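S.K.: Need a 3D model of the sequence below.
(one chain, ligands or ions: 2)
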Amino acid sequence: MDLRRPRSLRTRLLCAFLVPLAVVLAVVGVAATTAVRGELLGQVDDRLAAAVARSTQADDTQADDDPGDGPGRDGTGPGFLLTPGQGDGTLGARVVDGVVTEAAVIGKEGDGEALTAAEAAALARVPADGEPRTVDLGPLGAYRVVATGDAGEVAGEVLVTGLPLASVRAALLRLVVVEVAAGLLGLLAAGVVGSAVIGRTLRPLHRVAATAGRVAQLPLSSGEVRLPDRVPAADTDPRTEVGRVGAALNRLLDSVESGIAARQASETRLRRFAADASHELRTPVTSIRGYTELVRRRGGLPEEVDASLRRVEAEAVRMSGLVDDLLLLARLDAGAGAGAGAGRELARDDVDLTGLVLDVVSDAHAAGPGHRWRVDLPPGAVLVPGDAARLHQVLANLLANVRTHTPPGTTATTRLRTQGTDAVLEVADDGPGVPEGLQAGVFERFARGDSSRSRAAGSTGLGLAIVTAVVEGHGGTVSVASRPGATVFTVRLPGATVAEPDDDEEPAPARA
Ligand SMILES: Nc1ncnc2c1ncn2[C@@H]1O[C@H](COP(=O)(O)OP(=O)(O)OP(=O)(O)O)[C@@H](O)[C@H]1O
Ligand SMILES: [Mg+2]
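M.R.: Ligands and ions are numbered 1, 2, ... in the order given. I've put the predicted structure just below:
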């Protein structure tokens, strides 16, 4: 088992409660057993002292009557053993010079039963100091024995008297069994009750965690965000630990909500400013274009002035494109920021992507005759819900990139297919590819390759940003995979349907 594995709070609290309880129970059990054992042994020792007194007295009397000191009434064991008053199981032995001469134990019938040699030998080793000792007599069990020197009669003669400890052992065993069983039951009951109480105590914590989990799942990064979830008032009592956590979480949610609202307000202001500024710029830029054109048309201008005016006109055209792009982006942002998911600016019609591809590719062909333009279309028309003009712009931007960022002779293939309910539009070319360092951020605004060719062509780096904004406004995704010789931009739009082709109509042929 891995001890470093994090354990739940419930497990740790239960352990902190049950382990000391188990230790206390064990200590109490050991102390009680020791005390009872001492008490029981004391009682046996008292009875043993009485038995020893009877044995010694009987032995002295018998010695006076019969100096030969013959065997007991039934001939087994020392005569002093079967004196009246000795109970069942009492043991007696006579040891002379370390050798057991007679040894017996009182059996169930009240007669003496002889001991085996091994048992007798164990008795011979008991020191004759009158102290009670415990000896193990094998099959006979444990005995409490006392050896007394009978110095008055024969020198070196020792009388050994013993009482069985079987009943003491049995009583102690029963006590231990009862203690262990009661202890385990107690621990189990404490565990069940403790677990229930801890579970109840921790339940508010689970509710707080659930609230935090629900809030964490909300998309907080963009748009207008409402945080309706709060920890219930019952779990925010500041007098409890969990209540303090709940109250703190509620305060945190309040401040996050107001922070997000403030951010959203400032974003909205900024977007409106960008949209207004682009909109306001349109008129002056159009005027500049118009007046320069007018002046040039009149003619009769010196050559240098005419060249300068042509530059002014070209730059005005470029600026008006840029202003249009900025205005479109600002409007798409405003739509996405409204939290509606799909941009508000976008229309929702059934757009025939197949026809759209054919249109845009033929425009590209006209604009870039130096490239090879190919299409690869499915037999039926692919329809997606969306804004035809914006989707037109998506494909136009992708093809314009091939035209401006790859050398003449490059082949550009526009493929359309459906995958599940998605329409997948791919623009692939075998040009030099998107520069390595630019790939990660190629869809960002104003991201562009720093080749002088691009700059000369008036590249602003907004084309792919517009593609992204439009596609995301349609709930789709756009991605790029590029290496020299193989660049593929993939646009995925949801909700595609396929209109089956009419039987008499030929499927659109791939064309060069
Ligand atoms: N098919 C392509 N092959 C090679 N590089 C490409 C291709 N498409 C895009 N790029 C690179 O990605 C950059 C960003 O493209 P994007 O369309 O966003 O901007 P742009 O084409 O530079 O300017 P704009 O489209 O606004 O006129 C480009 O400058 C170019 O370096
Ligand atoms: Mg471009």
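
S.K.: Low-confidence regions, the chain specifically.
M.R.: 1-4, 63-77, 150-155, 222, 336-344, 450-458, 502-512 (pLDDT under 70).

S.K.: Let me see the domain layout of it.
M.R.: 9-172, 243-340, 349-499 (automatic domain parsing).

S.K.: okay, these, which one's buried deepest?
M.R.: domain 349-499 (a mean of 18; mean count of other C-beta atoms under 10 Å). For every residue, glycine as well, the C-beta is placed using N, CA and C.

S.K.: hmm, that one touching ligand 2?
M.R.: Yes - residues of domain 349-499 contacting ligand 2 under C-beta under 5 Å from the ion: N401, G463.

S.K.: Go ahead and measure how far that domain is from the middle of the chain.
M.R.: 42 Å (C-alpha atoms, centre = their mean, to the nearest Å).

S.K.: Kindly format the C-alpha coordinates of stretch 270-283 as CSV.
M.R.: Coordinates of each C-alpha in stretch 270-283 appear next as CSV, following Å, rounded to 0.1, in the frame of the first residue of the first chain:
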residue,chain,number,x,y,z
LEU,A,270,-13.4,49.7,-27.0
ARG,A,271,-15.2,47.7,-29.6
ARG,A,272,-17.8,50.4,-30.1
PHE,A,273,-14.9,52.9,-30.4
ALA,A,274,-13.1,50.7,-33.0
ALA,A,275,-16.4,50.3,-35.0
ASP,A,276,-17.2,54.0,-34.8
ALA,A,277,-13.7,55.0,-35.7
SER,A,278,-13.6,52.7,-38.8
HIS,A,279,-17.0,53.8,-39.8
GLU,A,280,-16.1,57.5,-39.5
LEU,A,281,-12.9,56.9,-41.5
ARG,A,282,-14.8,55.5,-44.4
THR,A,283,-16.2,58.8,-45.6
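
S.K.: The domains of the chain into a markdown table, with extra columns for distance to V180?
M.R.: As requested, these are exported to a markdown table (distance: least, C-beta to C-beta, whole Å):
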| stretch | distance to V180 |
| --- | --- |
| domain 9-172 | 7 |
| domain 243-340 | 42 |
| domain 349-499 | 66 |
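
S.K.: Which residue is the nearest non-sequential neighbour of whichever residue of the chain sits closest to ligand 2?
M.R.: Closest contact between the chain and ligand 2, by C-beta to the ion, is at G463 (2.7 Å). Spatially, and ignoring its direct neighbours in sequence, G463 is nearest to N397 (4.2 Å; C-beta to C-beta, 6 or more residues apart in numbering).

S.K.: That neighbour touches G461, doesn't it?
M.R.: No - under the criterion of C-beta atoms under 8 Å, N397 makes no contact with G461, lying 11.4 Å away.

S.K.: list residues touching both of those two?
M.R.: When C-beta atoms under 8 Å, 6 or more residues apart in numbering defines a contact, no residue borders N397 and G461 alike.

S.K.: how far away is R289 from A314?
M.R.: Separation of R289 from A314 (C-beta to C-beta, to the nearest Å): 10 Å.

S.K.: The stretch 351-500 of the chain against ligand 1: which residues are in contact?
M.R.: Within the stretch 351-500 of the chain, the positions adjacent to ligand 1 are 397, 401-402, 404-406, 429, 431, 433-435, 438, 442, 447-449, 454, 459-465, 487 by C-beta under 6 Å from any ligand atom.

S.K.: Where strands are concerned, which of these count?
M.R.: If you go by DSSP state E, those have D429, T487 in strands.

S.K.: just the strands in the stretch 51-200 of the chain please.
M.R.: 91-96, 99-106, 112-114, 133-136, 142-149, 157-164 (DSSP state E, counting those that start in this stretch).

S.K.: can you redo those as JSON lines with distance to ligand 1?
M.R.: What follows is the strands of the stretch 51-200 of the chain, written out as JSON lines (distance: least, C-beta to the nearest ligand atom, whole Å):
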{"stretch": "strand 91-96", "distance to ligand 1": "108"}
{"stretch": "strand 99-106", "distance to ligand 1": "109"}
{"stretch": "strand 112-114", "distance to ligand 1": "111"}
{"stretch": "strand 133-136", "distance to ligand 1": "96"}
{"stretch": "strand 142-149", "distance to ligand 1": "97"}
{"stretch": "strand 157-164", "distance to ligand 1": "103"}
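
S.K.: Leaving out chain neighbours, which residue sits closest to the residue in the stretch 51-200 of the chain positioned nearest to ligand 1?
M.R.: Closest approach between the stretch 51-200 of the chain and ligand 1, counting by C-beta to the nearest ligand atom: G199, at 57.5 Å. Leaving aside its sequence neighbours, G199 sits nearest to R10 (C-beta to C-beta, 6+ apart; 6.6 Å).

S.K.: V197 is in contact with that neighbour, correct?
M.R.: No - at 10.3 Å, R10 and V197 do not qualify as touching, with contact defined as C-beta under 8 Å.

S.K.: Just give me the neighbour total for T201.
M.R.: 15 (other C-beta atoms under 10 Å).

S.K.: Could you list the residues of the stretch 151-300 of the chain in contact with ligand 1?
M.R.: So the stretch 151-300 of the chain never meets ligand 1 (C-beta under 6 Å from any ligand atom).

S.K.: got a list of what L327 touches?
M.R.: L327 neighbours (C-beta under 8 Å, 6+ apart): A275, S278, H279, R282.

S.K.: ok, now with 7 Å
M.R.: Contact partners of L327, counting by C-beta atoms under 7 Å, 6 or more residues apart in numbering, are A275, S278, H279.

S.K.: Can you verify it is assigned to a helix?
M.R.: Yes - counting by DSSP: H, G, I helix; E, B strand; the rest coil, L327 is found in a helix.

S.K.: and it, how far is that from V285?
M.R.: 11 Å.

S.K.: Repeat that for R12.
M.R.: For R12, the distance to V285 - C-beta to C-beta - is 70 Å.

S.K.: And for G495?
M.R.: Counting by C-beta to C-beta - G495 and V285 are separated by 37 Å.

S.K.: now swap in L416 and tell me
M.R.: 36 Å.

S.K.: hey, where'd the helices end up in the stretch 201-350 of the chain?
M.R.: Per DSSP state H, counting those that start in this stretch, the stretch 201-350 of the chain carries helices over the ranges 241-298, 303-335.

S.K.: Now that we have these, can you turn them into a markdown table and tack on distance to E345?
M.R.: A markdown table is the format used below for the helices of the stretch 201-350 of the chain (distance: least, C-beta to C-beta, whole Å):
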| stretch | distance to E345 |
| --- | --- |
| helix 241-298 | 10 |
| helix 303-335 | 4 |
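
S.K.: would you list the ones you listed in a markdown table and tack on distance to ligand 2?
M.R.: Formatted as a markdown table, those follow (distance: least, C-beta to the ion, whole Å):
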| stretch | distance to ligand 2 |
| --- | --- |
| helix 241-298 | 18 |
| helix 303-335 | 10 |
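
S.K.: For the closest residue to ligand 1 within the stretch 301-450 of the chain, give me its contacts.
M.R.: Closest residue of the stretch 301-450 of the chain to ligand 1, C-beta to the nearest ligand atom: G449 (2.4 Å). Neighbouring residues of G449 by C-beta under 7 Å, 6+ apart: H405, P435, L438.

S.K.: Those residues of the stretch 1-150 of the chain touching ligand 2, which are they?
M.R.: Checking the stretch 1-150 of the chain against ligand 2 by C-beta under 5 Å from the ion, there are no hits.
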